[in-house]
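Asks: one predicted model, sequence on top.
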Amino acid sequence: MDSGKSRTALLVVDVQNDFCEKGSLPVPDGSSVIPVVNSLRASPLIDYFVFTQDWHPVNHCSFKTYKPEEVPAGADRPTTAGPWPPHCVAGERGSEFAPGLEVKPEDIGVKKGTIAYKDSYSAFGNDVDKTYLKELLRALGVTKVYVAGLAYDYCVRSTAEDAKRAGFETCLVADGARAISEQGKKEADESFGKLGIKIVSSSELLEKCVKDSLIL
């Protein structure tokens, strides 16, 4: 491997059972991103695959069932319950990758939302729920990332925004992501435009592969 070459990574966000159709917090048409993500294995434009998982404790602050009195006191401890039903509880079926998603042993895994009193939509974490993804990507020579997964208007959006702010060239793979709401998607797209995050399709990433096969 040429250590001087700039590398790229596909960040696949939270394609987990609880975010697909039969889960506790389903994203409409969520499982449709699976064949899109799998197809990108053939893209010569991607060097690394990163798969994130929400990995929440049973009493997580984003849950409607959150009980603050059961969480050790801390400066940032929320005192009210969150907006979401319990989902992606660490080690339970809902937190597992959705069936059919192609995840290989050599891929990079990131678990987020692991701290009971601190929520984290982004794969890059925060000052409490640290994932060290930025540091890892830098160490691998990654300068450009593509982002796909669930949900477009929450964790995908937050991950793409943080990637851009961290200095990575960032692209959102539109057909590889699904939103909870059309309004949320619209707001995400507006934010992407302001930040300079490019919206692309999986076909654009696969186009070079097709051209190369025609040459052969």
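Replies: That came through, no problem. As the structure is a computational prediction, the values presented were derived from the model and not from experiment.
Asks: just the helices in the protein please.
Replies: Taking DSSP state H as the test, the helices found in the chain are 33-39, 133-139, 157-165, 182-195, 202-215.
Asks: redo these as TSV? Include mean pLDDT and distance to Asp127.
Replies: To be clear about C-beta, it is placed using only N, CA and C from the backbone, and glycine gets the same treatment. Supplementary listing: the helices of the chain in TSV, determined by pLDDT from 0 to 100; distance: least, C-beta to C-beta, whole Å:
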stretch	mean pLDDT	distance to Asp127
helix 33-39	98	30
helix 133-139	97	13
helix 157-165	98	12
helix 182-195	98	21
helix 202-215	66	33
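Asks: out of those, deepest packed?
Replies: Most buried of the helices of the chain by mean neighbour count (mean count of other C-beta atoms under 10 Å) is helix 157-165; its value is a mean of 23.
Asks: contact partners of that helix?
Replies: 11, 13, 52, 121-124, 145, 147, 149, 170, 172, 188, 191-192, 195-197 (C-beta atoms under 8 Å, 6 or more residues apart in numbering).
Asks: before we move on, what about stretch 131-143?
Replies: Contacts made with stretch 131-143 from outside it, assessed by C-beta under 8 Å, 6+ apart, are listed as 3, 5-9, 47-48, 50, 108, 110-112, 120, 123-125, 145, 166, 168-169.
Asks: now Tyr121. Nearest residue, chain neighbours left out?
Replies: With sequence-adjacent residues excluded and distances taken as C-beta to C-beta, 6 or more residues apart in numbering, Tyr121 is closest to Ser158, at 3.8 Å.
Asks: how near is that neighbour to Glu21?
Replies: Using C-beta to C-beta, to the nearest Å, one obtains 23 Å as the distance from Ser158 to Glu21.
Asks: thinking again about what came up before, mark which of the contacts of stretch 131-143 are buried, thanks.
Replies: For those, a burial check counting by 16 or more other C-beta atoms under 10 Å picks out 7-9, 47-48, 50, 108, 110-112, 120, 123-125, 145, 168-169.
Asks: pretty sure Lys144 sits against Leu10.
Replies: No: here Lys144 lies out of contact with Leu10, judged by C-beta atoms under 8 Å, at a distance of 10.2 Å.
Asks: compare these two (neighbour count), which wins?
Replies: Leu10 (25 against 17; other C-beta atoms under 10 Å).
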